[in-house]
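Visitor: Here is a sequence with its predicted model. Questions after.
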Amino acid sequence: MTRVINDDALDVLFRNARTHRKWRPEPVTKQLLMAIYDLMRWGPTTNNTSPARITYIVSPEAKERLKPHLTKGNVEQTMLAPATAIIAHDLAFYDMMPKLSPNPDSRDSWSKKSEAELYEAAFRNSSLQGGYFIIAARAVGLDCGPMSGFSNEGVDREFFAGTKIKSNFLCNLGYGDDSGMRPRAGRLDFDEACRIL
C-alpha cells in the first residue's frame, strides 16, 4: 500500500526548511534526541549495516571540548545551539551484524573486507543515515544546522580515541531564530541535475 504525506509535512521536511545559524534559547530534551534516532534508524543502508554513531553534545563541558576543533566561522552558532550531533561512522560496524542481519555469515564476510572497502561502506551509509537524521529532526519539530567546518582529526581524538569510530559531519539542533536569515539560495532545476534514460 502506497502512502503519501501531505503538502504541510513536505513543507516542514523540505520546502520551507532552512539551515539555521542562530538559535532561540529553549533546550532540546533527551526525549527529542531519542525520538530523532528512533525515526532515522529505520532508513535503509547496505545490508542493514547501520554504521552511523551519534554523539550529542549538550553540556557546557562537552561544548568546550568541541570548541577548539571548530572552524572560526562555526564557533558562535555551535556554542549557542542547544545541541550538536556528531554524526560519525563505526569502521567496525560488522560487529553488530549478528543483530542486524538474518544471515549468520554476514559478520564474517564484512570483517574480511579491506580497510578501504570498510571505510567506503561506513562513510557512504553513515552519510545516508545523516540525511535521515536531518529529516527526522525536522519531523519532530527541530531546526538543523548541518556543517562540515571542523577538524575531523581533532574531533576523533577528543571524542572517539581508542575506537574505530570516525566523524563524518556535525549538525546543530534546536529552535531556529529566523531574525537576520539570509535569502534562500537557489537550487538546480530538474533538467540541470537529472536525466531520464
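Guide: Perfect, I can see it now. Numbering: from 1, shown residues only.
Visitor: where exactly do the helices run in this protein?
Guide: 7-10, 30-40, 60-66, 72-80, 97-100, 106-111, 115-139, 152-160, 190-193 (DSSP state H).
Visitor: among those helices, which is the most enclosed?
Guide: Per residue and on average, the most neighbours among the helices of the chain fall to helix 115-139, with a mean of 19 (mean count of other Cβ atoms under 10 Å). Placement of C-beta: from N, CA and C, glycine included.
Visitor: Pipe the helices of the chain into TSV and attach mean pLDDT and distance to Pro183 per row.
Guide: What follows is these, written out as TSV (pLDDT from 0 to 100; distance: least, Cβ to Cβ, whole Å):
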stretch	mean pLDDT	distance to Pro183
helix 7-10	92	21
helix 30-40	98	28
helix 60-66	98	30
helix 72-80	96	18
helix 97-100	93	43
helix 106-111	90	46
helix 115-139	97	20
helix 152-160	98	31
helix 190-193	96	20
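Visitor: Select, out of those, the one closest to Thr46.
Guide: Thr46 lies closest to helix 115-139 among the helices of the chain, at 5.5 Å (Cβ to Cβ).
Visitor: Let me know the angle separating that closest one from helix 30-40.
Guide: 120 degrees (axes from the mean of the first three to the mean of the last three Cα atoms, to 10 degrees).
Visitor: so what's Ala35 closest to, chain neighbours aside?
Guide: Val140 (4.8 Å; Cβ to Cβ, 6 or more residues apart in numbering).
Visitor: hmm, back to that, so which of the helices of the chain comes closest to Ile86?
Guide: Comparison of the helices of the chain against Ile86 by Cβ to Cβ identifies helix 152-160 as nearest, at 6.3 Å.
Visitor: Let me have the helices of the chain in CSV, extended by distance to Thr19.
Guide: Below are the helices of the chain laid out as CSV (distance: least, Cβ to Cβ, whole Å):
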stretch, distance to Thr19
helix 7-10, 18
helix 30-40, 17
helix 60-66, 19
helix 72-80, 10
helix 97-100, 31
helix 106-111, 34
helix 115-139, 10
helix 152-160, 20
helix 190-193, 19
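Visitor: right, so of the ones you listed, which gets closest to Gly180?
Guide: It's helix 72-80; of those, that one is closest to Gly180 (Cβ to Cβ) at 11.9 Å.
Visitor: Mind giving me the packing neighbours of the closest one?
Guide: Applying 3 or more Cβ pairs under 8 Å, 6 or more residues apart in numbering; DSSP states H and E, one finds that helix 72-80 makes contact with helix 60-66, strand 143-147, strand 165-174.
Visitor: Quick one, which of the ones you listed gets closest to Glu26.
Guide: With Cβ to Cβ, the closest approach to Glu26 among the helices and strands packed on helix 72-80 belongs to strand 165-174: 7.2 Å.
Visitor: check contacts around the nearest residue to Asp143 once chain neighbours are set aside.
Guide: Nearest residue to Asp143, sequence neighbours excluded (Cβ to Cβ, 6+ apart): Gly176, at 3.6 Å. The neighbours of Gly176, taking Cβ atoms under 8 Å, 6 or more residues apart in numbering as the test, are 18, 20, 22-24, 143, 145.
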